[in-house]
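Student: Task: produce atomic coordinates for the following.
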Amino acid sequence: MKKRDIIIIGAVLAVAAALFAGAWLLARQGAEDYVNIYVGGELYKSVPLDEDQVVEVSQNGGLVNHIEIKDGVVRMLDANCSNQDCVDMGPMSAEHPGLMFGVIVCLPHQVSVELRLASEENG
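Tutor: Numbering: from 1, shown residues only. The predicted model follows:
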């Protein structure tokens, strides 16, 4: 091989790598991890996992759940249900999806909190 051939091959490989990196970045753009909160099977609210906040879910009959999202971790902060199983499920995050693999459920209030990871959405 001549020096010129090596330069051409190197340039082609560099362009291919740049195209691949650009396509990967475009596919990744806008991909976020989300927390979806459902009440009675209907989507109540969708919140980015990196947006710290406490979401209050208030329903008729005085049913109240507080869901905390902080530092990429989501948990049922408190609920006025009788059994507190949802609170006892503990926190979940992208690295540690929790006892029920990314879902916290309050059966008495029909509230569920689902972790939706961008890595699962995009393969």
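
Student: Can you tell me what sits against the helix or strand where residue 67 lies?
Tutor: Here residue 67, judged by DSSP states H and E, is contained in strand 63-70. By Cβ atoms under 8 Å, 6 or more residues apart in numbering, the residues outside strand 63-70 that reach it are 35, 37, 47, 49, 51-58, 74-81, 86, 104, 106, 108-109, 111, 113. C-beta coordinates here come from the backbone N, C-alpha and C atoms, glycine included.

Student: just the buried members of those residues?
Tutor: The neighbour-count criterion (16 or more other Cβ atoms under 10 Å) marks 35, 37, 47, 49, 55, 57, 74-77, 79, 81, 86, 104, 106, 108-109, 111, 113 among the contacts of strand 63-70 as buried.

Student: Does residue 44 touch residue 56 like I think?
Tutor: No - here residue 44 does not reach residue 56: they are 10.6 Å apart, not a contact under Cβ atoms under 8 Å.

Student: This structure: strands as residue ranges?
Tutor: Using DSSP state E, the strands of the chain run over residues 34-39, 42-48, 53-59, 63-70, 73-79, 92-93, 103-106, 111-116.

Student: Would you reformat these as a markdown table and include distance to residue 19 and mean pLDDT?
Tutor: Shown next, in a markdown table, are the strands of the chain (distance: least, Cβ to Cβ, whole Å; pLDDT from 0 to 100):
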| stretch | distance to residue 19 | mean pLDDT |
| --- | --- | --- |
| strand 34-39 | 30 | 95 |
| strand 42-48 | 30 | 95 |
| strand 53-59 | 39 | 97 |
| strand 63-70 | 37 | 97 |
| strand 73-79 | 37 | 97 |
| strand 92-93 | 34 | 93 |
| strand 103-106 | 39 | 95 |
| strand 111-116 | 30 | 94 |
